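Participant: Here's a sequence, model it:
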Amino acid sequence: MESLVNPGIEGPVNVTSPNPVRMAEMCSALGRTLGRPNWLPVPDFAIQALLGEGATVVLQGQKVEPSAALKAGYEFKFEKLEDALGDILR
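Facilitator: Just a heads-up that it's a prediction; the model follows:
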């Protein structure tokens, strides 16, 4: 919404956190937030079988940052993953 009303934001905007994390960090944070263990990783071949070509994004990752939003002075409600998960899941 900010990119629609803020004239300082032009062009494409990555709608991501200013603090990107890897899938393992995401799973650990989710486990901590839910109070559940996070000890059983999913094997790469299972992700590949489930997602096909889309598995590349999960297995290799992408480092995407919201540089346009940050440059325009956008302030994130939750900069840290665990804060956002806590708000959503509790």
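
Participant: Tell me the spacing between the spatially closest residue to Asp44 that is not a sequence neighbour and Gly52.
Facilitator: Spatial nearest neighbour of Asp44, excluding adjacent residues (Cβ to Cβ, 6 or more residues apart in numbering): Leu59 at 5.8 Å. (Each C-beta comes from the backbone N, C-alpha and C, glycine too.) As judged by Cβ to Cβ, to the nearest Å, Leu59 and Gly52 stand 12 Å apart.

Participant: Of those two, give the one with the bigger neighbour count.
Facilitator: Taking neighbours as other Cβ atoms under 10 Å, Leu59 and Gly52 compare with Leu59 leading, 12 against 9.

Participant: Return the residues in contact with that one.
Facilitator: Leu59 sits next to 44, 47-48 when contact means Cβ atoms under 8 Å, 6 or more residues apart in numbering.

Participant: and it, what helix or strand is that in?
Facilitator: helix 55-60 (DSSP states H and E).

Participant: C-terminal to that helix, what's the next element?
Facilitator: helix 67-71.

Participant: What helices and strands are in contact with that next one?
Facilitator: helix 2-5 (3 or more Cβ pairs under 8 Å, 6 or more residues apart in numbering; DSSP states H and E).

Participant: Any buried residues in the helix it packs on, and which?
Facilitator: Ser3 (16 or more other Cβ atoms under 10 Å).

Participant: repeat for stretch 17-35
Facilitator: In stretch 17-35, counting by 16+ other Cβ under 10 Å, buried: 17, 20, 27-29, 33.

Participant: quick revisit: mind checking how far the residue nearest to Asp44 is from Lys80?
Facilitator: 24 Å.
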